[in-house]
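In: Pasting a predicted model and its sequence here:
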Amino acid sequence: MIKSRRRKQMVMKHGPYIAAIDYDEDEGLFAGSVINTLSTITFYGDSPRSLQKEFKASIDVYLAVCEERGIKPEKPFSGKLSLRMPPELHARVAASAASSDMSLNAWIVKTLENEADHI
């Protein structure tokens, strides 16, 4: 399934994998790139349906290569994130979390969930 994001960037999901989708008007092709692994996984299609088919095929190839080489496929994300921000923003975020009677972590997770719901 392809969903539009605010900046007209498209995303596609297949299992736990998420790909950013672009359209090349000159070539008349959609191009996809998996964004939640360190491995480079790309695919192309001339229609959304063919792009989705190629996405699945690319993931299947990635998993087969991992198995062939005896390595574990990357897990898309661990759930842990190290975040750096200016001290002033840190103070404002902490104050907002406290005023919402939430821990800093819970407040950040809730805020990110609200934004991610737009994808």
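Out: Great, that's in hand.

In: Only C-alpha atoms from now on, for both contacts and neighbour counts.
Out: Will do.

In: quick one: average confidence on the helix or strand encompassing Leu89?
Out: Taking DSSP states H and E as the definition, Leu89 sits inside helix 87-99. Mean pLDDT, computed over helix 87-99, is 94.

In: Break the protein into its domains for me.
Out: As given by automatic domain parsing, the domain ranges for the chain are 2-69, 87-116.

In: Flag every buried residue along the last one.
Out: Taking 16 or more other CA atoms under 10 Å as the neighbour-count basis, domain 87-116 is seen to contain the buried residues Ala94, Ser96, Ala97, Leu104, Trp107, Ile108.

In: What of stretch 10-21?
Out: So for stretch 10-21, counting by 16+ other CA under 10 Å, buried means Met10, Val11, Met12, Lys13, Tyr17, Ile18, Ala19, Ala20, Ile21.

In: Out of those, flag the one nearest to Thr42.
Out: Ala19 (8.5 Å; CA to CA).

In: Show me what the strand of greatest length in the chain packs onto, helices and strands only.
Out: Longest strand in the chain, counting residues (DSSP state E): strand 17-24. In this structure, strand 17-24 packs against strand 10-14, strand 29-34, with contacts taken as 3 or more CA pairs under 8 Å, 6 or more residues apart in numbering; DSSP states H and E.

In: Could I get those strands in JSON lines, plus columns for mean pLDDT and distance to Val61?
Out: JSON lines is the format used below for the helices and strands packed on strand 17-24 (pLDDT from 0 to 100; distance: least, CA to CA, whole Å):
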{"stretch": "strand 10-14", "mean pLDDT": "91", "distance to Val61": "14"}
{"stretch": "strand 29-34", "mean pLDDT": "94", "distance to Val61": "13"}
